[in-house]
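**Q** Fold the following and give me the result.
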Amino acid sequence: MRGRKPIGPNLAEQLAGSELACLRMRVILETIAGTCRVQEACEQLGICQQRFERLRSMAIQAGIAALELKAVGRPTKVLSEAEVEVARLKERVVELEAELAITHIRVELATNLPRLGAAATKKSQPRSGRTRKSERSRSRPGTASKP
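**A** Here you go, the predicted structure:
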């Protein structure tokens, strides 16, 4: 047979835990492996058969629960209401600071650039107040134009 020799129930003695807990686990593993009978295990531990069966089922259930698949990665952090409110307010501060920076830029542009609004779209009136007629309309063919 190749590889390491199986440790079996003696593995319980090598793991962390109290002396009593390690002894109980070793005896339970021996009964499961078939190297010790339940009555002998009860005598070693000084308990009745019903108590031993309860201990064995609890140990097996704890082992099964420890082997259940769990979510991969770090567990999600649960935030309190105060922490959620602080995060929301921080986001709002960032939004308001961005709006303030945009407003500062608009004010600076408005003060430094010439007004191009309504004045640029209207035609300016002549300074004399009269509308000028074009040269064509004043001169007729065959007549001299007045200076």
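**Q** Now do the longest helix along the chain: distance to the chain's middle.
**A** Looking only at the chain and at elements set by DSSP state H, the helix with the highest residue count is helix 81-112. A distance of 23 Å separates the centroid of the chain from that of helix 81-112, by Cα atoms, centre = their mean, to the nearest Å.
**Q** Pull up the gap between Arg24 and Asn112, please.
**A** According to Cβ to Cβ, to the nearest Å, Arg24 and Asn112 sit 85 Å apart. C-beta: built from backbone N, CA, C; applies to glycine.
**Q** in the strand or helix carrying Arg54, what's buried?
**A** Using DSSP states H and E, the element containing Arg54 is helix 49-66. Neighbour-count burial for helix 49-66, counted by 16 or more other Cβ atoms under 10 Å, picks out Phe52, Leu55, Arg56, Ala59.
**Q** Now do it: distance to the chain's middle.
**A** In terms of Cα atoms, centre = their mean, the centre of helix 49-66 is set 39 Å apart from its chain centre.
**Q** now do stretch 104-114
**A** 40 Å.
**Q** do the same with stretch 47-56
**A** With Cα atoms, centre = their mean as the basis, stretch 47-56 stands 47 Å off its chain's centre.
**Q** Quick one: residues in contact with it.
**A** If you take Cβ atoms under 8 Å, 6 or more residues apart in numbering as the criterion, stretch 47-56 is touched by Arg24, Ile28, Thr31, Ile32, Val38, Gln39, Ala41, Cys42, Leu45.
**Q** Find the nearest non-adjacent residue to the fourth one, please.
**A** By that I understand Ile32. Excluding the flanking residues, the one nearest Ile32 by Cβ to Cβ, 6 or more residues apart in numbering is Arg56, at 7.7 Å.
**Q** Give me the pLDDT for the one you found.
**A** According to the prediction, Arg56 has pLDDT 93.
**Q** swap in the one 3 residues further on?
**A** The pLDDT attached to Ala59 in the predicted structure is 92.
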